[in-house]
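Colleague: curious how this folds, go ahead:
(2 chains)
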Amino acid sequence: MSVGLVEETPYRWRIERQGAMRVPGVVFASRALLPDLSEEQALGQVVNVATLPGIVEASYAMPDMHWGYGFPIGGVAATDVDHDGVVSPGGVGFDISCGVRLLLADLHIDRLRPRLTALMDALDVTIPRGMRHGAVWRLRRPAELEEILTGGVRYAVAQGHGRDGDLDHCEDRGAVADADPAAVSARARQRGLEQVGSLGSGNHFLEVETVAEVYDEPIARSYGLWPGRVCVMIHTGSRGLGHQICTDFVRTMQAAMHRYGISVPDKQLACAPVSSPEGQAYLAAMAAAANYGRTNRQLLAEATRRAFERVTGDGELALLYDVSHNLAKLETHRSSRLCVHRKGATLALPPGHPDLPDDLRPVGQPVLVPGSMGVGSYVLAGVPDGPAFASACHGAGRRLSRHQAARTTKAARLRAELEAAGIAVRGASARGLTEETPCAYKDLDAVVDACAHAGLARIVARLTPVGVVKG
DNA sequence: ATGTTC
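Modeller: Below you'll find the model as predicted:
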């Protein structure tokens, strides 16, 4: 893909406006990460996104960007709601509200080691995962699903699935206000009925980890991240419900676009004005899926607490934060009302932001960055004046397709390598394992380093895995 | 990511 990258700084590259682009493209990456990008059509997708009606500043891409549906994964795009700005389901992705939460045990890894096998076995039987394999929460009636879509984690906690303190440490305090279950199709609701509290498959996982290294002592102390502390990272989204909502609205908007005089260079960029009935309905359904996705992670966290309680006698795992990396939000930036699409890009609120709870406000929001299997994860922190609407990277970023990865990897060998590295693996199918081999991903250290140098976020701590549950 | 091609 020859779109012409101009080096602005060693960690920021510009694609000049050309053709129908309304704004330039801006890619945050080191020179070393660029070859991985240019092999794909991902840069062409950055260009395509720059043509969307109402887009402001630039079509941004994070250091972990790669090819996606319409928008690149790792893409950030904001449209001006008051100047014909559009919302696009492809700018959020199929797994609406996919995200991560991090739980902290009051336990040092040395004390867990003798019981690690027992803990992993407990999680093995506790955590539903894979395609269509049940869920923690058996809903008694469809009306309960409506409560989840409207009330999110707030409803889950009120029903006994968690504690009040969990709410403050969820993005949006666990529930987006403008969700409307009526905007969610019957088919989407049907698919969501039996998946509340389930991991799913692909890159979703539950990992028992320990704090391996601290880079920013004061912020790490505020977050409660001390070396050797045991923590649990849960990475999942809105399962079939979010997928169906995306499918429904891509179709709706593809049919409606001509009425608004919108044309896009790729059908997968289907969109509608934020203020249109279609745009409003999508945002209401998307918000419902966001509430569902967070509730899903909440239920898995409760199941994890019960497993810890049984094995270690202490199930009081504290929630550091729960944050999505696939969402569009209505936000005010420099007194403009914007619809900010983050697709494979994590919200990264700066210190002092009013949406943060009291204990996190002084230092900024925890930005949870899951790595590929066996590699571990990072905790970053939001910084003042971030250059992409308070967004940061969301992971290592895929380098090889699932097919390529599965073709070049032997499951038994990979499993043996993980076990040899002291990482207990539970529940992963051979196919799921090979598709998620770390070889299929970029170097997480390089991605996070680029993120920090580009001024998107500050590096706080690195976590290393001791056990992984996969679909 | 996904009842992995309505």
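Colleague: how about the contacts made by residue A:458?
Modeller: A:216, A:219, A:364, A:380, A:381, A:382, A:383, A:452 (Cβ atoms under 8 Å, 6 or more residues apart in numbering). In this view, the C-beta of every residue, glycine as well, is placed from N, C-alpha and C.
Colleague: of these, closest to DNA strand B?
Modeller: residue A:380 (20.2 Å; Cβ to the nearest atom of the strand).
Colleague: that closest one pairs with what?
Modeller: residue A:367, residue A:459 (DSSP bridges).
Colleague: any idea how far it lies from residue A:239?
Modeller: As judged by Cβ to Cβ, to the nearest Å, residue A:380 and residue A:239 stand 27 Å apart.
Colleague: how about residue A:28?
Modeller: 30 Å.
Colleague: what does residue A:84 give?
Modeller: 33 Å.
Colleague: can you check residue A:443 too?
Modeller: 30 Å.
Colleague: what do you get for residue A:9?
Modeller: 40 Å.
Colleague: swap in residue A:43?
Modeller: 31 Å.
Colleague: quick one: which of those two has more around it?
Modeller: Neighbour count, other Cβ atoms under 10 Å: between residue A:43 and residue A:239, residue A:239 has more, with 28 against 25.
Colleague: tell me the contacts of the closest residue to the more buried one other than its chain neighbours?
Modeller: Leaving out its chain neighbours, the residue that sits closest to residue A:239 by Cβ to Cβ, 6 or more residues apart in numbering is residue A:195, at 4.3 Å. By Cβ under 8 Å, 6+ apart, the residues touching residue A:195 are A:135, A:239, A:240, A:241, A:296.
Colleague: name the residues of the helix or strand that contains residue A:218 that are buried.
Modeller: Here residue A:218 sits within helix A:217-223, counting by DSSP states H and E. Buried residues in helix A:217-223, defined by neighbour count with 16 or more other Cβ atoms under 10 Å: A:219, A:220, A:222, A:223.
Colleague: stretch A:441-460 close to DNA strand B?
Modeller: No: Stretch A:441-460 lies out of reach of DNA strand B by Cβ under 7 Å from any atom of the strand, never closer than 10.5 Å.
Colleague: that stretch: end-to-end distance?
Modeller: 22 Å (Cα to Cα, to the nearest Å).
Colleague: same question for stretch A:433-450.
Modeller: 28 Å.
Colleague: give me the pLDDT value at residue A:193.
Modeller: For residue A:193, the pLDDT comes out at 93.
Colleague: from what I can see it touches residue A:142, true?
Modeller: Yes: between residue A:193 and residue A:142 there is a contact under Cβ atoms under 8 Å: 6.8 Å.
Colleague: settle it for me: which of those two has more neighbours?
Modeller: More crowded of residue A:193 and residue A:142, by other Cβ under 10 Å: residue A:193, with 16 against 13.
Colleague: show me the contacts for the more buried one.
Modeller: A:139, A:142, A:145.
Colleague: one more: residue A:423?
Modeller: When the contact criterion is Cβ under 8 Å, 6+ apart, the partners of residue A:423 are A:374, A:465, A:466, A:467, A:468.
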